[in-house]
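# Here is the input, now give the coordinates:
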Amino acid sequence: MKHSNISIFVSHEGCPNKCAFCNQHTISGHKSLPDADDVKEICNNALRQVSDKKNCEIAFFGGSFTAINREYMISLLETASQFVGEEKFKGIRISTRPDCIDEEVLEVLKKYKVSAIELGAQSMSDEVLFLNDRGHTADDVKNASQLIKSYGFELGLQMMTGLYGSDTETDSKTADEIIKLKPDTVRIYPTVILENTRLAELYRSGIYKPYEFDKAVVLCAELLMRFEKENIRVIKLGLHASELVEGEMIGGFYHPAFRELCEGEIFKKKISELLFDGNFPCKSATVAINPKNISKAVGQNRKNLNYFMNKGVELKIQPDDKLLDRDVILIEKR
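Below is the predicted model of the structure:
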């Protein structure tokens, strides 16, 4: 069953510094902070509206949850925990910084029915972390991850691609290090350059030069396949579609359907391997895939079909509901 969240945003709250890339108010679309009454109202409404409660968590996002004022944090958790249990929600999910995790705070989170903890790792390169004003190290990510897992929480790690000072090789190495930590889930956020950030200043001055958009899609498609191969669920790929993000961005790797672009790249690669194996030339080919994935295989604006046409191949795609997920079967090529 598909997992879902009841998202409650504590934008920027608890963050000890402002990262070079971050404008959390724009990303979340929320500027005011919730109190216990807000949490109660949100959860009561969700109880009436959400049918699959056993696969739904109350989620505190947008800030460093374990670094906020302790009394405020507990007031939110006390209220939210009342909505966890039989006939209610599965648990509570929080996001925080790797350097804001210790045994004492994990005991508090366990007491109030927190089920999953996501860490903003962003990069596993100390140089990239320093250049982007993260204020923590790669070792902080490793230590916090091990501690979280030892307490029995579900571990989620968030990484960013294309940060200032990074490149595709460094991003790939970050994925390697994350895989070694064996998280349950991963979020991949290609860097979006937002107004009112230091990254925007670096971009305008020419100091920060992001790599090409298509290169970001190819990289993220590769990362998606690698994480899934290791049975790590990629629960988010790209910032969520938002008028605020679209209005405030001045560059970087944003698309309202970024994951679908990456899925399309995966299908292009799979089909290419079938058609051009051993460089065997063909002028037309027919492949079969699961019906739910036809639009991804065709590509946005027929991108993949046009790609094969430019290679001299007329590609036909037919549905086969017996095929699983991203399976591709070659029916004919000539």
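
# Quick check: residue 267 touching residue 328?
Yes: contact status for residue 267 versus residue 328: in contact at 6.8 Å, counting by C-beta atoms under 8 Å. C-beta here means a position set from N, CA and C on the backbone, and glycine is covered the same way.

# list the residues that contact both of the two?
With contacts defined as C-beta atoms under 8 Å, 6 or more residues apart in numbering, the residues adjacent to both residue 267 and residue 328 are 289, 297.

# State the distance from residue 309 to residue 299.
Taking C-beta to C-beta, to the nearest Å as the measure, residue 309 and residue 299 are separated by 11 Å.

# Please identify which of the two sits among more neighbours.
In this view residue 309 and residue 299 are compared by other C-beta atoms under 10 Å, and residue 299 has more residues nearby, 20 against 12.

# Next one: that one, what pLDDT does it get?
At residue 299 the predicted local distance difference test score is 94.

# Excluding residues flanking it in the chain, which one is nearest it?
Taking C-beta to C-beta, 6 or more residues apart in numbering, and ignoring the residues beside it in sequence, residue 299 has residue 264 as its nearest neighbour in space, at 4.4 Å.

# quick one: contacts for that neighbour?
The neighbours of residue 264, taking C-beta under 8 Å, 6+ apart as the test, are 296, 297, 298, 299, 300, 303, 304.

# Could you single out the nearest of the residues you listed to residue 103?
Using C-beta to C-beta, residue 296 is the member of the contacts of residue 264 that sits closest to residue 103, with 44.0 Å.

# tally of neighbours for that closest one?
Other residues within reach of residue 296 by the criterion other C-beta under 10 Å amount to 23.

# so it makes contact with residue 263?
Yes: using C-beta under 8 Å, residue 296 is in contact with residue 263, at 4.4 Å.

# so how far is stretch 162-178 off the chain centroid?
Relative to the centre of its chain, stretch 162-178 is centred 15 Å away, using C-alpha atoms, centre = their mean, to the nearest Å.

# who's in contact with it?
Taking C-beta under 8 Å, 6+ apart as the criterion, the residues outside stretch 162-178 that touch it are 20-21, 121-125, 127-128, 131-132, 138, 142, 157, 159, 161, 186, 190-191, 199, 202, 207-208, 210-211, 215-216, 219, 222-223, 226-227, 232, 252-253.

# For ChimeraX, write a command that selects the buried ones of those.
Command for ChimeraX that selects the buried part of these, burial taken from 16 or more other C-beta atoms under 10 Å:
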select :20,21,121,122,123,124,125,128,131,132,138,142,157,159,161,186,190,191,199,202,208,210,216,219,222,223,226,227,232,252,253
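
# Would you state the helices of the stretch 51-200 of the chain in chain order?
Remark: helices of the stretch 51-200 of the chain, listed N- to C-terminal, are 70-81, 103-111, 126-131, 138-150, 168-181, 198-205; assignment by DSSP state H, counting those that start in this stretch.

# actually the stretch 201-334 of the chain, not the one I wrote
Assigned helices in the stretch 201-334 of the chain, in chain order: 213-229, 243-248, 258-275, 294-298, 303-310 (criterion: DSSP H, counting those that start in this stretch).

# rewinding a little: quick one, which of the helices of the stretch 51-200 of the chain is nearest to residue 320?
Nearest to residue 320, of all the helices of the stretch 51-200 of the chain, is helix 168-181, at 31.7 Å by C-beta to C-beta.

# That closest one: which residues count as buried?
Buried positions in helix 168-181, judged by neighbour count with 16+ other C-beta under 10 Å: 170, 171, 174, 175, 177, 178, 179, 181.

# likewise stretch 186-206?
Using 16+ other C-beta under 10 Å, the residues of stretch 186-206 that count as buried are 186-194, 197-200, 202-203.

# Between those, which sits nearest residue 114?
Relative to residue 114, the closest of those is residue 187; by C-beta to C-beta it sits at 17.7 Å.

# could you measure the closest one against residue 239, distance?
Applying C-beta to C-beta to residue 187 and residue 239 gives a distance of 10 Å.

# Any stretches of the stretch 201-334 of the chain with poor pLDDT?
Scanning the stretch 201-334 of the chain for pLDDT under 70 picks out 241-243, 278-281.

# So what pairs up with residue 114 in the strands?
In this structure, residue 114 has beta-bridge partners residue 92, where bridges are defined by DSSP bridges.

# Could you do residue 288 as well?
Note on residue 288: beta-bridge partners by DSSP bridges are residue 318, residue 329.

# Contacts only, for it.
Applying C-beta under 8 Å, 6+ apart, we find residue 288 in contact with 317, 318, 319, 320, 323, 328, 329, 331.
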